[in-house]
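Chemist: This is a predicted model, with the sequence first.
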Amino acid sequence: MKIQSYFISLSKASRSFILSLLAVITPFYLARFVNVFDVGIIVLFSIAFSTLIIYVFPVLNIKNWIKMYIISAALAIALLLNFIFMNFYVFIFSLMLGSISLSGRDISPNQPIEQYAMAYYETDIKNKRIAFSIYNFFSYSASIIASIFLFLYVNIDYRTVFLILALVALAQFILYLFIKFPQHKRVKGKDIPPETKKRVFSLSYLFSMDALAGGMVTVSMISLYFKYVYHVSLSTAGLIFIGVNVITTLSILISPIISSKIGLIRTMVYTHSISNIFLMLVPVVHFLAISEIFLFLRQSTSQMDVPARDTLINTIIDEDYRVNSNSVISAVRNGSQIPGPGIVGAMMTVFPPFMFLAGGALKLSYDIIFFVKYRKIKI
């Protein structure tokens, strides 16, 4: 791997720490201001607004490195405002200013440009597989640290948390100073070849199915589920997500080994299908330990598809169109998550298991359709 790829992976790690921490603490923090349904609406709003930014950001006619400075500086300022004011309306404003999605997943305006740069520096398919695995490994490792922090910080002081997050966001900005972001060729929609448009549309449509289901089981919504159904404390939630993130991180390292043996498509589908069966089993037995076990089993394979998916997209799409394509796919994925938190928030007081049962079933449907359509691709 090139040194630039490591810097990019570190920048993703810092951002993942922030987003993971915010996703878990938000239901607890907002409980001081609003009810459980409103929490779902706010999570929905955060995903919707960040989707808008993802869609608009690539259109700006400025250099990639300037874009990255702007978005990273905005995140640091947004978190600093929360530290200073500790106000509900400031929190909502900060979500917009920092393009913060409370899904717990790093679907941000930074990602399309980072992934383009990664694929630019890592041209060999083997190195590309490894690079995207490290990229995601660093991300989930940061999520582990975030969960450990929450578990150990029992008497949590939200002001201190926002200060720490602001400092981590500043670290991301500093990292960007050491990264040379290549400038992609700016293309208009009419200049993109029809076959590329067709492929991007097809991928976006399928990924939107997965993302819609994913919106029902975001980190924030799972955190809300355990808080509402089992009345767990924030520290206990932190402990649960330590397990979730440790298991996920280890699985990320195994993904390139599997994909080198059976290919990217089968790695995406087989591992994802197994995880979704376990996802639907999470609420079946109303006992905290059993729910945790099935959640952990779900995480053992749930993210193995991510490095494979990133490698696939940044291989089958021509280099000149990757930033545009990644932005469109990210925007569609993020946008498709929008209804999920609202639906779950509305269902939480009526039938809490709905989020896992409906989410898992929809994800399985995506796996089947994706495999049927793309099984002949040999990468």
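Modeler: Ah, there it is.
Chemist: Please state the offset of the helix or strand containing Gly359 from the chain centre?
Modeler: In this structure, Gly359 sits in helix 354-374 according to DSSP states H and E. Relative to its parent chain, helix 354-374 has a centroid offset of 18 Å by CA atoms, centre = their mean, to the nearest Å.
Chemist: Which strands and helices lie in contact with it?
Modeler: Where contact means 3 or more CB pairs under 8 Å, 6 or more residues apart in numbering; DSSP states H and E, helix 354-374 is packed against helix 194-216, helix 264-281, helix 339-347. Any C-beta I mention is one placed from the backbone N, CA and C, and that applies to glycine too.
Chemist: Take the ones you listed and write them to CSV, including distance to Ile134, mean pLDDT and mean neighbour count.
Modeler: Below are those laid out as CSV (distance: least, CB to CB, whole Å; pLDDT from 0 to 100; neighbours: other CB atoms under 10 Å):
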stretch, distance to Ile134, mean pLDDT, mean neighbour count
helix 194-216, 22, 90, 19
helix 264-281, 16, 96, 22
helix 339-347, 29, 87, 22
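Chemist: out of those, nearest to Ile316?
Modeler: Closest to Ile316 of the helices and strands packed on helix 354-374 is helix 194-216 (CB to CB; 6.8 Å).
Chemist: What residues of the helix or strand just after that closest one count as buried?
Modeler: Downstream of helix 194-216, the next assigned helix or strand under DSSP H and E is helix 219-230. Neighbour counts over helix 219-230 (16 or more other CB atoms under 10 Å) mark 219-227 as buried.
Chemist: swap in stretch 126-144?
Modeler: Result for stretch 126-144 [16+ other CB under 10 Å]: buried residues 128-144.
Chemist: what's next to it, contact-wise?
Modeler: Stretch 126-144 has contacts (CB atoms under 8 Å, 6 or more residues apart in numbering) with 1, 5-6, 8-10, 12-17, 20, 106, 114-115, 118-119, 121-122, 241-242, 245-246, 248-249, 252-253, 255-256, 259-260, 303, 306-307, 310-311, 314-315.
Chemist: filter those to the buried ones?
Modeler: Buried by 16+ other CB under 10 Å: 1, 5, 8-10, 12-17, 20, 106, 114-115, 118-119, 121-122, 241-242, 245-246, 248-249, 252, 255-256, 259, 303, 306-307, 310-311, 314-315, out of these.
Chemist: Among those, which are located in helices?
Modeler: Those of the buried ones among the contacts of stretch 126-144 mapping onto helices are 5, 8-10, 12-17, 20, 114-115, 118-119, 121, 241-242, 245-246, 248-249, 252, 255-256, 259, 306-307, 310-311, 314-315, per DSSP state H.
Chemist: To Ile377, which of the helices and strands packed on helix 354-374 lies closest?
Modeler: Minimum separation from Ile377 across the helices and strands packed on helix 354-374 (CB to CB) falls at helix 264-281, 5.5 Å.
Chemist: helices or strands up against that closest one?
Modeler: In this structure, helix 264-281 makes packing contacts with helix 234-262, helix 288-302, helix 305-316, helix 354-374, judged by 3+ CB pairs under 8 Å, 6+ apart.
Chemist: what's the distance between Ser16 and Gly104?
Modeler: Distance from Ser16 to Gly104, counting by CB to CB, to the nearest Å: 9 Å.
Chemist: Among the buried residues of helix 219-230, find the lowest-pLDDT one for me.
Modeler: Across these, the bottom pLDDT score, 83, is held by Ser220.
Chemist: so how far is Val36 from it?
Modeler: For Ser220, the distance to Val36 (CB to CB) stands at 12 Å.
Chemist: next one: Tyr69
Modeler: Going from Tyr69 to Val36 by CB to CB gives 38 Å.
Chemist: Over to Val285?
Modeler: 23 Å.
Chemist: more crowded one of those two?
Modeler: Neighbour count, other CB atoms under 10 Å: between Val285 and Val36, Val36 has more, with 17 against 12.
Chemist: residues in contact with that one?
Modeler: Each residue near Val36 by CB under 8 Å, 6+ apart is listed here: 224, 228, 345, 348-349.
Chemist: Return the member of the residues you listed nearest to Ile53.
Modeler: Nearest member of the contacts of Val36 to Ile53, counting by CB to CB, is Gly345, at 22.7 Å.
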